[in-house]
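Undergrad: Pasting a predicted model and its sequence here:
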Amino acid sequence: MKELRCKDMKKGCGFVARGRTTQSVMSKTARHAKAAHGIEKMTAAMSRKARAAVHTV
Ligand SMILES: [Zn+2]
């Protein structure tokens, strides 16, 4: 299981994305970023940061 805690990128956010693969975690995070943080599309830099924050649980 992979996990990404939004607070690793956005301080104070309690959202945690979990999935079987990094890809599924990334797509959940992208949806959350749009809905909760108004980020229409994650930039390459944001994606890199998000990928780096994904860890195995
Ligand atoms: Zn968030």
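TA: Nice, thanks for sending it over. Numbering: from 1, shown residues only.
Undergrad: Helices of this protein, residue ranges please.
TA: 22-37, 44-53 (DSSP state H).
Undergrad: Tabulate those helices (a markdown table), appending mean neighbour count, mean pLDDT and distance to residue 11.
TA: C-betas here are computed from N, CA, C, even on glycine. As requested, the helices of the chain are exported to a markdown table (neighbours: other CB atoms under 10 Å; pLDDT from 0 to 100; distance: least, CB to CB, whole Å):
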| stretch | mean neighbour count | mean pLDDT | distance to residue 11 |
| --- | --- | --- | --- |
| helix 22-37 | 16 | 97 | 12 |
| helix 44-53 | 13 | 95 | 13 |
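Undergrad: Quick one: those helices as TSV, columns for distance to residue 15 too.
TA: Output for the helices of the chain, formatted as TSV (distance: least, CB to CB, whole Å):
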stretch	distance to residue 15
helix 22-37	5
helix 44-53	12
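Undergrad: Nearest to residue 3, out of these?
TA: When the helices of the chain are ranked by proximity to residue 3, the top entry is helix 22-37, at 6.9 Å, counting by CB to CB.
Undergrad: could you say what helices and strands the closest one packs with?
TA: strand 2-5, strand 16-19, helix 44-53 (3 or more CB pairs under 8 Å, 6 or more residues apart in numbering; DSSP states H and E).
Undergrad: Of all the ones you listed, which one is nearest residue 30?
TA: Here helix 44-53 is closest among the helices and strands packed on helix 22-37 (CB to CB), at 8.3 Å.
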